[in-house]
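Enquirer: generate a structure from the sequence data that follows.
(one chain, ligands or ions: 1)
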Amino acid sequence: KKMAVPGVQKLNPYIPGKPISELERELGIQNIIKLASNENPLGPSPLAMQAIKAEMSELALYPDGNGFELKKALAEKHGIDMSCITLGNGSNDVLVLLAEAFLSPEHNAIYSQYSFAVYPIAIQAVGAQHQMIDATSWDDEMPLGCDLPAMKAAINEQTRLIFIANPNNPTGSFLGQDELLAFIKSVPQDVIVVLDEAYLEYSSVEERVDGSLWLNEFENLVITRTFSKAYGLAGFRVGYCLSNPDIANVLNRIRQPFNVNSLALAAATAAIKDDEFLAKSMAVNAKGMKLLAASCDRLGLRFVPSKGNFLLVDFAQDAMPIYQQMLELGVITRPVANYGLPNCLRITIGSEEEMQRMTTVLEQVCG
Ligand code: PMP
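Expert: A predicted model of the protein is given here:
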């Protein structure tokens, strides 16, 4: 531990969760549902499954290290050049690559309180300083969201990266187009703004704030996306970022040569084309979100309005006993005390059947 860079020495130890089968054995119950990791209850798209089966016979070969087919499909989807794309082993990989490529111990990177846990880890792992900016309060128009003016004010000579998740995890909060665009315009050119859009697909095309449309305008903008959420491929680990070609070039120099495996490449390439599956994922999410929000309203529990596939619910007391009772009734949710939100649980939107069970359990425990 002592030999690690100073930032890493301060990180909390990693405590792995238990698999569902082990929890079922320990608690002596069956059919536990997991609404804890923002996964897609529909599974992968049928087109992706077909592509995976076809790719199985090629497993003795290395994957295409440049991910040509996937990049081609992504370039078409986004209407940009393939040289603007960097593929990653999940978008997590891309976030880490950005920190590795652009941060040294003399630099700092900015992110918001209550935003994705990987940002401070990636920053500290390369020995750089992490600057956490207080989020907006519960009373704000957008509770527990990014305070963009405060983030702007924190930028100094040593700042190289700013991480913003829109929509944000674990809160579900989101930024409007005008405020976000004005913020990006105000950031100095030598500071890279990373817009993490892992949950973008859960809002309709009309309602979403799609940062990829601004790439031509800003040399210092990076958009990260993932196949883990609406595309239902979390187990495969595939994500990507879009940026100007110079940034993509740097990231491609330092990534592992085969950082995305061949089954993941095939699955993602097929999944992009499955609009029907994507629409279904969104519809299931919208329905489940409504059920859960209505249940919270009935119970008088406040929550953050969410554009993701999860809801952050405030129990106005230590949430751990509630987590435990729900677990014993067969529903796993996500405690967020590690984010500084000990009274909240993050609940992933599951299938309609799962949400019926979830809300019944919730009302049993809190009613
Ligand atoms: N960004 C955000 C905001 C997330 O919530 C997640 C997953 N929890 C990720 C990135 C990383 O997802 P993946 O590595 O599976 O693409």
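Enquirer: what does the stretch 201-350 of the chain put close to the ligand?
Expert: Residues of the stretch 201-350 of the chain lying near the ligand by C-beta under 6 Å from any ligand atom: Thr226, Ser228, Ala234, Gly239. In short, each C-beta sits where N, CA and C put it, glycine included.
Enquirer: and the last one, backbone torsions?
Expert: As for Gly239, its main-chain torsions (degrees, to the nearest 10) stand at phi -150, psi -180.
Enquirer: correct me, but it touches Tyr231?
Expert: No. At 9.9 Å, Gly239 and Tyr231 do not qualify as touching, with contact defined as C-beta atoms under 8 Å.
Enquirer: which one of the residues in this structure is closest to the ligand?
Expert: Across the chain, the shortest distance to the ligand (C-beta to the nearest ligand atom) belongs to Gly90, at 2.6 Å.
Enquirer: tally up the residues packed near that residue, please.
Expert: Gly90: 24 surrounding residues under other C-beta atoms under 10 Å.
Enquirer: state the pLDDT value of it.
Expert: In this model, Gly90 is scored at 98, pLDDT.
Enquirer: on the three-state scheme, Ile223 is what?
Expert: strand (DSSP: H, G, I helix; E, B strand; the rest coil).
Enquirer: tell me the bridge partners for it.
Expert: Leu195, Leu242 (DSSP bridges).
Enquirer: which non-adjacent residue is nearest the residue of the chain closest to the ligand?
Expert: Arg237 (4.3 Å; C-beta to C-beta, 6 or more residues apart in numbering).
Enquirer: please enumerate the helices of the protein.
Expert: Remark: helices assigned in the chain by DSSP state H are 6-9, 20-27, 46-55, 68-78, 91-102, 118-125, 148-154, 177-186, 245-254, 262-272, 275-299, 320-328, 352-366.
Enquirer: including mean neighbour count, could the ones you listed go into TSV?
Expert: Formatted as TSV, those follow (neighbours: other C-beta atoms under 10 Å):
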stretch	mean neighbour count
helix 6-9	13
helix 20-27	12
helix 46-55	17
helix 68-78	17
helix 91-102	23
helix 118-125	22
helix 148-154	16
helix 177-186	15
helix 245-254	16
helix 262-272	23
helix 275-299	17
helix 320-328	16
helix 352-366	18
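Enquirer: number of nearby residues for Thr86?
Expert: So Thr86, with other C-beta under 10 Å, has 28 neighbours.
Enquirer: what's near enough to touch it?
Expert: Val94, Leu97, Tyr240, Cys241, Ser243, Ala248, Leu251, Asn252, Arg255 (C-beta atoms under 8 Å, 6 or more residues apart in numbering).
Enquirer: quick check: the nearest residue to it once chain neighbours are set aside vs Leu87, distance?
Expert: What sits nearest to Thr86 in space, not counting adjacent residues and going by C-beta to C-beta, 6+ apart, is Leu251, at 4.3 Å. Per C-beta to C-beta, to the nearest Å, Leu251 is found 9 Å from Leu87.
Enquirer: and for these two, which residues touch both?
Expert: Joint contacts of Leu251 and Leu87 (C-beta under 8 Å, 6+ apart) are Val94.
Enquirer: and the closest residue in space to Phe236 that isn't next to it in sequence, what is it in contact with?
Expert: Nearest residue to Phe236 in three dimensions, chain neighbours excluded: Ala264, at 3.9 Å (C-beta to C-beta, 6+ apart). Listed by C-beta under 8 Å, 6+ apart, the contact partners of Ala264 are Asn89, Phe227, Leu233, Phe236, Arg237, Val238.
Enquirer: try 7 Å this time
Expert: Phe236, Arg237, Val238 (C-beta atoms under 7 Å, 6 or more residues apart in numbering).
Enquirer: ranking helices and strands of the protein by mean pLDDT, which lands last?
Expert: In the chain, no helix or strand scores lower on mean pLDDT, DSSP states H and E than helix 6-9, which sits at a mean of 84.
Enquirer: rewinding a little: need the contacts of Ala264 in JSON lines with pLDDT, neighbour count and distance to Ile121, can you?
Expert: What follows is those, written out as JSON lines (pLDDT from 0 to 100; neighbours: other C-beta atoms under 10 Å; distance: C-beta to C-beta, whole Å):
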{"residue": "Phe236", "pLDDT": "96", "neighbour count": "23", "distance to Ile121": "22"}
{"residue": "Arg237", "pLDDT": "98", "neighbour count": "19", "distance to Ile121": "17"}
{"residue": "Val238", "pLDDT": "98", "neighbour count": "29", "distance to Ile121": "20"}
